[in-house]
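>>> From the sequence below, what's the structure:
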Amino acid sequence: MVEVINDYINYLIARGLSKLTIKTYRSDLDQLIDFLKTQIGYFSFQSVSHTTLRFFVRWLNQNKLSNRSICRKISTMKEFFKYCLKNDHIQQNPTKKLVYPKFSTKLPMVFSIQEMFDLIDLPDISNKYGIRDKAILEVLYSTGMRISEITNIVFADLDLDSQKIKVTGKGNKDRIVPLGRMAVKAITKYLKIRKKFIVEENEFIFVSKFGTQFSPNSLREVLNKYIKKIARTDGYSVHSIRHSFATHMLENGAHLSTVQKILGHENPTTTQIYTQLSIVYQREAIRKYHPINHSERDQFKLAFFN
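So this is what the prediction gives:
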């Protein structure tokens, strides 16, 4: 079983999946092997049936694993056993009728449009760091990029004349994303002073204070100092900018499939969560701004009827 999993992991590496995703798949499958050996006494995937995997899911539940985590493990197993069937390691796919448990979806944290404008205006553009940070924030909000994607942007990816940028996303899949006018303006200003960062020339657009490529964590650290000044509560992060981009696009009439393409989501259901967010914020806007909810209306009624 270990050999089959090793082959599968090599297959995932060849597909270009991220190290974190592969690590998660490995952990889930190692836990499955441990269960099959110690709880069931199986030493081959050939013996695994639908009932076996239902026992595994029940065992996970008894060990107080959340339904969200169980769903992820089921997803891992479905992909793995599809691979096993395709490569003749099994004759039937035991996950075919395996059902996901229900769990409540926690809506992501989103900045308001005004908060995003305030966030982008926070960097001090009287120095090179502020100019760079403002450009990064403009690009993140203009494109909805993941932080790992923006750290990998190189000069060859950028086309300021056509106002677009090539983004390499999950699974090394490329997509072309439009750049907004303000993002183009901020990048242009940054590129004029970029040489002030360079210790050793490299191809990456956005560089650290040492002139080297940012790691996602080091860039998060830089941007979090701005986010903490704007965030209303705990729970906001750099990824909240991506959530805000998608929500604001849908609130202003963008089609779901368009937002899906820009974000690089393979599955439309991943993008659909932002339609829920859009409705939440539209409802809040109605509560806040519609005359029917204003205290002035209540005062008018009192004056009129008394």
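>>> where along the stretch 151-300 of the chain do the strands fall?
158-159, 164-168, 174-178 (DSSP state E, counting those that start in this stretch).
>>> Return the most buried member of those.
With neighbours defined as mean count of other Cβ atoms under 10 Å, the strands of the stretch 151-300 of the chain peak in mean count at strand 164-168, which reaches a mean of 19. Any C-beta I mention is one placed from the backbone N, CA and C, and that applies to glycine too.
>>> quick check: angle from it to strand 174-178?
150 degrees (axes from the mean of the first three to the mean of the last three Cα atoms, to 10 degrees).
>>> Direction included, what does strand 164-168 pair up with?
Paired neighbours of strand 164-168 in the sheet (DSSP bridges): strand 158-159 (antiparallel), strand 174-178 (antiparallel).
>>> closest one to Thr21 among those?
Thr21 lies closest to strand 174-178 among the strands paired with strand 164-168, at 18.0 Å (Cβ to Cβ).
>>> Now tell me what touches the closest one from outside.
142-145, 163-169, 261-262, 264 (Cβ atoms under 8 Å, 6 or more residues apart in numbering).
>>> need those residues in TSV with pLDDT and distance to Tyr42, can you?
Below are the contacts of strand 174-178 laid out as TSV (pLDDT from 0 to 100; distance: Cβ to Cβ, whole Å):
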residue	pLDDT	distance to Tyr42
Ser142	93	52
Thr143	93	47
Gly144	92	44
Met145	92	44
Gln163	93	57
Lys164	93	52
Ile165	93	49
Lys166	93	47
Val167	91	43
Thr168	87	40
Gly169	82	37
Lys261	85	43
Ile262	86	45
Gly264	84	38
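>>> Of the residues you listed, just say which sits nearest to Asn202.
Thr168 (16.5 Å).
>>> pLDDT value on the closest residue to the closest one other than its chain neighbours, please?
Counting by Cβ to Cβ, 6 or more residues apart in numbering, Thr168 lies nearest to Asp174, which is 5.5 Å off, once chain neighbours are set aside. Per-residue pLDDT puts Asp174 at 87.
>>> close enough to count as contact, Val2 and Ile33?
Yes: contact criterion Cβ atoms under 8 Å: Val2 and Ile33 qualify, at 6.9 Å.
>>> So between these two, which is more surrounded?
More crowded of Val2 and Ile33, by other Cβ atoms under 10 Å: Ile33, with 16 against 9.
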